[in-house]
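Trainee: I'd like to go over a predicted model; first the sequence, then the structure.
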Amino acid sequence: ALISLRQMLDHAAEFGYGVPAFNVNNLEQMRAIMLAADATDSPVIVQASAGARKYAGAPFLRHLILAAVEEFPHIPVVMHQDHGTSPAICQQSIQLGFSSVMMDGSLRADGKTPADYDYNVDVTRRVVEMAHACGVSVEGELGCLGSLETGAAGEEDGVGADCVLSHDQMLTDPEEAAQFVKATGVDALAIACGTSHGAYKFSRPPTDDILAIDRIKAIHARIPDTHLVMHGSSSVPQDWLAVINQYGGEIPETYGVPIEQIQQGIKFGVRKINIDTDLRLASTGAIRRFMAQHPAEFDPRKYLQESVKAMMEICKDRYQAFGCAGQG
Ligand code: G3H
Ligand code: 13P
Ligand code: NA
Ligand code: ZN
């Protein structure tokens, strides 16, 4: 059944687990996520980005998610809009039947330039008013995502990759977070704690203090009733990078967020963990390998089935690692 983000994360907070939020663009991702949730008895958050809407179109994404709810009626599903850049975009998603929307007012409507605090409060508060009137949850964001190793912002929907941030900008301030939640009424808050979007988070194997866990702890202590969200949480599996490069890929050395550090975050209030890149890597590796090993094969279902299997394994691993398995 379709439920709101607030309902799902309240349960996660009560029982101390985190829920991976997977980006969805196509049928194969959708099936992989649902099959893994079914196999591990986990609740599901699927989210559609602006890029996904451009690729598949909002009606297709909506029906893809509704089809999943129909085929797996026993699994709770949150249909979430990822990184909305304006109240108008969020309003469209609410009208389409999304049960949760993100208003990312940490960036201006161009999706690139860091926005000031007052702008963020203004747009986010407007979305909360609309959404709550319809029983829809809202995620806001405060702070700029950026790698504490490199200072790079990463790819926020493919833009801003060249923006270099100061150490201060890259960590959400606990006092400001408390003010922001009070002023907007958001259900969940994406915080900056050292992660960044995309495959290129860290250029060296990450140390066990690569995320600002103390900062997460301090924010959670200040706003215990607001569910924290960690964007840019792909772990960038080294085994899939090796497969990709073994079969003709050219991805340079790169590292993601260690699972153990996400687990630390979950101890201190992180309830929604955004993952896109890991599914992209698994899918690409599986398809490259299949194509190389079966050069005469041309039925797309054959290689797409490999993609589904590979993504399903990642989803299962995350459901288990975040304590989500058995909570569906
Ligand atoms: O927020 C970033 C997600 O990975 C979505 O990326 O806009 O390329 O679909 P996308
Ligand atoms: P990754 O690029 O680390 O998978 O993060 C995805 C994300 O935060 C989507 O909003
Ligand atoms: Na941001
Ligand atoms: Zn994100």
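Mentor: All right, it came through fine. Ligands and ions are numbered 1, 2, ... in the order given.
Trainee: Tell me which residue is most central in this protein.
Mentor: The centroid of the chain falls nearest to N274 when counting by C-alpha atoms, centre = their mean (1.9 Å).
Trainee: for the strand or helix carrying that residue, the distance to its chain's centre please.
Mentor: Using DSSP states H and E, N274 sits within strand 270-275. Distance, stretch centre to chain centre, for strand 270-275: 6 Å (C-alpha atoms, centre = their mean, to the nearest Å).
Trainee: Spell out whether that strand and ligand 2 are in contact.
Mentor: Yes - for strand 270-275, a contact with ligand 2 is found by C-beta under 6 Å from any ligand atom, at N274, I275. All C-beta spots, glycine's among them, are computed from the backbone N, C-alpha and C.
Trainee: which other helices and strands contact that strand?
Mentor: The contact analysis (3 or more C-beta pairs under 8 Å, 6 or more residues apart in numbering; DSSP states H and E) places strand 270-275 against helix 5-15, strand 19-23, strand 227-230, helix 259-267, helix 300-321.
Trainee: distance of H83 from P76?
Mentor: Counting by C-beta to C-beta, to the nearest Å, the separation of H83 from P76 is 23 Å.
Trainee: neighbour count winner among those two?
Mentor: More crowded of H83 and P76, by other C-beta atoms under 10 Å: H83, with 25 against 20.
Trainee: Now do the SS call for the nearest residue to G256 once chain neighbours are set aside.
Mentor: Spatial nearest neighbour of G256, chain neighbours left out: V236 (3.0 Å); criterion: C-beta to C-beta, 6 or more residues apart in numbering. Following DSSP: H, G, I helix; E, B strand; the rest coil, we place V236 in the coil state.
Trainee: I'd assumed D278 was in contact with V236.
Mentor: Yes - here V236 lies in contact with D278, judged by C-beta atoms under 8 Å, at a distance of 6.9 Å.
Trainee: more crowded one of these two?
Mentor: D278 (24 against 21).
Trainee: does the longest strand seen in the chain come close to ligand 1?
Mentor: Taking DSSP state E as the criterion, the chain has its longest strand at strand 77-84. Yes - contact of strand 77-84 with ligand 1 (C-beta under 6 Å from any ligand atom) involves D82, H83.
Trainee: Could you report the distance from the residue in the chain positioned nearest to ligand 1 to K309?
Mentor: Here the residue of the chain nearest ligand 1 is G51; by C-beta to the nearest ligand atom that distance is 2.6 Å. Applying C-beta to C-beta, the value for G51 to K309 is 24 Å.
Trainee: Return the set of buried residues in the one helix or strand V138 maps to.
Mentor: V138 is part of strand 137-142, with elements assigned from DSSP H and E. Buried positions in strand 137-142, judged by neighbour count with 16 or more other C-beta atoms under 10 Å: S137, V138, E139, G140, E141, L142.
Trainee: wait, what's in contact with the residue in the chain positioned nearest to ligand 3?
Mentor: Among the residues of the chain, S106 lies closest to ligand 3, at 3.3 Å counting by C-beta to the ion. Taking C-beta atoms under 8 Å, 6 or more residues apart in numbering, we find S106 in contact with P114, A115, N120, E141, L142, G143, C144, A190.
Trainee: correct me, but the fifth one touches E175?
Mentor: So the one you mean is L142. No - because the distance of 11.0 Å does not satisfy C-beta under 8 Å, L142 is recorded as not touching E175.
Trainee: Using PDB, write down the CA coordinates of stretch 209-224.
Mentor: The C-alpha trace of stretch 209-224 is given here as PDB (Å, rounded to 0.1, in the frame of the first residue of the first chain):
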ATOM      1  CA  ASP A 209      35.900   9.400  10.200                       C
ATOM      2  CA  ILE A 210      35.100  10.500   6.600                       C
ATOM      3  CA  LEU A 211      31.500  11.500   7.700                       C
ATOM      4  CA  ALA A 212      30.900  14.000  10.400                       C
ATOM      5  CA  ILE A 213      29.100  11.600  12.800                       C
ATOM      6  CA  ASP A 214      29.400  14.000  15.700                       C
ATOM      7  CA  ARG A 215      27.600  16.600  13.700                       C
ATOM      8  CA  ILE A 216      24.700  14.100  12.900                       C
ATOM      9  CA  LYS A 217      24.500  13.300  16.600                       C
ATOM     10  CA  ALA A 218      24.400  17.000  17.600                       C
ATOM     11  CA  ILE A 219      21.600  17.700  15.000                       C
ATOM     12  CA  HIS A 220      19.600  14.700  16.100                       C
ATOM     13  CA  ALA A 221      19.900  15.900  19.800                       C
ATOM     14  CA  ARG A 222      18.500  19.300  18.800                       C
ATOM     15  CA  ILE A 223      15.600  18.000  16.600                       C
ATOM     16  CA  PRO A 224      14.900  14.500  17.800                       C
END
